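1. Give me a 3D structure for the following:
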Amino acid sequence: MDNLNDLKSVWITAKTDSLPAAGEMTNIIKKYRSKTLQKKVMVILIAAVSVTIMIGITFIYKAKMPTTRVGQYLIILAGCVLIFTNVRSMKRFYDFRDLSNRDYIKFLEKSRQNQIYFYKKTQVAGLIFWSFGLLLYIFEFVHQNAFICITAYLFTIIFLIILWLVVRRRVFSKRAKKLEELIKKLESLSKQI
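-> Numbers count the residues shown, from 1 in each chain. I've put the predicted structure just below:
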């Protein structure tokens, strides 16, 4: 009988603070899913409005130089790439409603692979279209005065360098870090459960 009392005292004094609450994993999954879907919807809406405005400008403003038209088309193409990739990604997030913990962790691993692919390939293509489109688009407005042309292109190129080398990398590393932390947290919760 003494062993039973020892076992009972160990059972009662065991610390369970580190164990997850009953619905903690579910709450983390729902919160991540809803935040991601909200962000994707906002990106799609902003890109759609931007593309619509650029299409309107294309029809309203009659460009005198072919570089302006090419620039407009490249900017529209970049917006379409952004819309397409986010719609595809949003569909993937929308479809993952009822997954087990392990399936959800696999889903996040796939999201990490997609994030890396987007950073290395898709985002590069979209930014190339947008960058060249912007450089070609502004030429008609600044080409008449050499000082204005040099100044406009200098500021535009500095802006693009900062966008490519600083902003793009920081955003990627921040998102990758958040996703990595979420995966680690869910893996530890899954192991405890």
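
2. Which secondary structure element is home to Y104?
-> Per DSSP states H and E, Y104 falls inside helix 101-117.

3. same question, G126
-> Residue-wise, G126 maps onto helix 123-137 under DSSP H and E.

4. so what does the helix holding Y104 touch, helix or strand wise?
-> Applying 3 or more CB pairs under 8 Å, 6 or more residues apart in numbering; DSSP states H and E, one finds that helix 101-117 contacts helix 168-192. Heads up, the C-betas are built off the backbone N, CA and C, glycines and all.

5. Please compute how far the helix it packs on lies from its chain's middle.
-> In terms of CA atoms, centre = their mean, to the nearest Å, the centre of helix 168-192 is found 14 Å from the chain centre.

6. got it, and stretch 147-161?
-> Relative to its parent chain, stretch 147-161 has a centroid offset of 27 Å by CA atoms, centre = their mean.

7. same thing with stretch 125-139?
-> That offset, for stretch 125-139, works out to 21 Å (CA atoms, centre = their mean).

8. what mean pLDDT does it have?
-> Here stretch 125-139 scores 94 as its mean pLDDT.

9. And stretch 81-100, by the same measure?
-> 82.

10. Would you indicate which residues of it are buried?
-> Neighbour counts over stretch 81-100 (16 or more other CB atoms under 10 Å) mark V81, L82, I83, T85, N86, V87, S89, M90, F93 as buried.

11. try stretch 59-74
-> For stretch 59-74, using 16+ other CB under 10 Å, the buried residues are T67, T68, R69, V70, G71, Q72, Y73, L74.
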